[in-house]
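Enquirer: Based on what follows, work out the 3D shape:
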Amino acid sequence: MSEGARSKRFKFSSILKVLFALALLAWVANGLDWRDKLELWAVPQVASLRTLEAPGSLEGNWREEALAFRFSKEQTLGPEWPETAIAAQAADTPLAIERRTEGGPGYDWRPGMPRVFLDLQGHGLAFAMASLIAGLLCGVTRWWRILALAGCPTSWWTTLRLAFLGVFFNLVMPGLTGGDLPKAVLAVREHPDRRADALATVVIDRMVGLWALVLVATGIIWSIGGGFQPLKIPSLAVSIGVTVGMFFVLSPGPRRALGIDRLLEKLPQGQRLKKLEESATLFQNKPFELILALLLSSGNHFAVIAAVYAIGDAFGASLEFSAYVGIVPVANLISAIPISPSGWGVGEAAFKQLFLMMGSTAALGVAVSLTYRLCNLFLGLLGGLSLLFPGGAEVRREARKISESSESGG
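Expert: Model (predicted):
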């Protein structure tokens, strides 16, 4: 395939991913509450248990157990509503209410998306950023160890710089996932004499991270159960499949038995693929390094869980930390499917459904997902600051080359 054809296919694929992400975000937005709503549970005037709701605006802190609600005129309250509510709507005055006890009759309320963001408490965002940085440092240390195993020794600070730049380029180059392409190009340029090994470290680093994420998500789903009960069998199947796949990738014996080496030699760029395949054996006879890589990956994932929990708490979500331990790995695993740029849209849909499964609201789930992404965007911008420093001329040249490589599909 010519360079021009590869470039056109790359651009077409990127456009499709962006359009898919926008369509999915629109679908998620269409299913959200954009107005505050008041719910009336176990209506005494109706024989069967049912719930009524009406739009309006919450007055006061919606996290508290008592507040006031001003009904909108767009929906007239029916006779099932208490007389006090009907009178408050007619007079356009706020109705003082208290939250019902769980399982009992009375009022409850759901904040709309604007209210959720307006009432965001900033104290949790600093903790979330600190947790995300801690998780990033775990990932950096994992890649640093893998680089050394592959014969590409790199200082920890250089590895940190490359990781931050990878996150930054992921912001400015739509269509990438996790900054892997920029990290690969930068790593190769750090080790021009071991190009295949440097490239393999990025691939293996991503695979080990995803493997750990699958194992963490599966373990959590099976230990928590509850609302995650429907995900038990699918998660176990995925976990077994990924583990078997990693066994074949990291072990030369099964690949030789299946004749994968001979197959690679027949493919285009076969020698290059063969070299990458040989580099994948770096964990062979090094179980400690593999266990350490999985532990660092788990540390990264639990740091992210703590960050998302802090964000949810700042928004006022009433979920326990154990719920986030189940929500975040599953949502991130779904977001890792490369069908939209950096998982946009996919992650929001996943958080929305998982929050609903755990008894929270769709608005809070989407708000948490969006804020989590914005925190990651901020981290990426921090990585880009090095491009502005006096010593960043070489890095800026690397950035231009990476961008040209991406545009040409190379």
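Enquirer: From now on I want contacts and neighbour counts done on CA atoms only, so please keep to that.
Expert: Fine.
Enquirer: Just the buried positions in stretch 78-98, please.
Expert: Residues of stretch 78-98 classed as buried by neighbour count (16 or more other C-alpha atoms under 10 Å): 85, 86, 88, 89, 94, 95, 97.
Enquirer: you'd agree the first one is up against residue 93?
Expert: Same thing as residue 85. No: the pair residue 85 / residue 93 is not scored as a contact, 9.6 Å apart, by C-alpha atoms under 8 Å.
Enquirer: Next, count neighbours for residue 157.
Expert: Residues near residue 157, counting by other C-alpha atoms under 10 Å, number 12.
Enquirer: how close does it sit to residue 242?
Expert: Separation of residue 157 from residue 242 (C-alpha to C-alpha, to the nearest Å): 31 Å.
Enquirer: that older thread, among the buried residues of stretch 78-98, which ones are in strands?
Expert: Using DSSP state E, the subset of those located in strands is 95, 97.
Enquirer: so can I have a markdown table of the buried residues of stretch 78-98 showing distance to residue 323 and pLDDT?
Expert: A markdown table is the format used below for these (distance: C-alpha to C-alpha, whole Å; pLDDT from 0 to 100):
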| residue | distance to residue 323 | pLDDT |
| --- | --- | --- |
| 85 | 35 | 85 |
| 86 | 38 | 86 |
| 88 | 38 | 86 |
| 89 | 37 | 85 |
| 94 | 34 | 87 |
| 95 | 33 | 86 |
| 97 | 28 | 83 |
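Enquirer: Which helix or strand contains residue 57?
Expert: strand 51-59 (DSSP states H and E).
Enquirer: Give the buried residues for that strand.
Expert: Of the residues in strand 51-59, 53, 54, 55, 56, 57, 58 count as buried by neighbour count, 16+ other C-alpha under 10 Å.
Enquirer: residue contacts, the second one?
Expert: Okay, so that is residue 54. Residues in contact with residue 54, defined by C-alpha atoms under 8 Å, 6 or more residues apart in numbering, are 37, 38, 39, 71, 72, 75, 77.
Enquirer: Could I get the full set of strands for the stretch 51-200 of the chain?
Expert: Applying DSSP state E, counting those that start in this stretch to the stretch 51-200 of the chain gives strands spanning 51-59, 66-71, 95-98, 106-110.
Enquirer: Make TSV from the ones you listed and add distance to residue 299 to it.
Expert: TSV is the format used below for the strands of the stretch 51-200 of the chain (distance: least, C-alpha to C-alpha, whole Å):
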stretch	distance to residue 299
strand 51-59	40
strand 66-71	39
strand 95-98	41
strand 106-110	34
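Enquirer: closest to residue 119 out of these?
Expert: strand 51-59 (11.3 Å; C-alpha to C-alpha).
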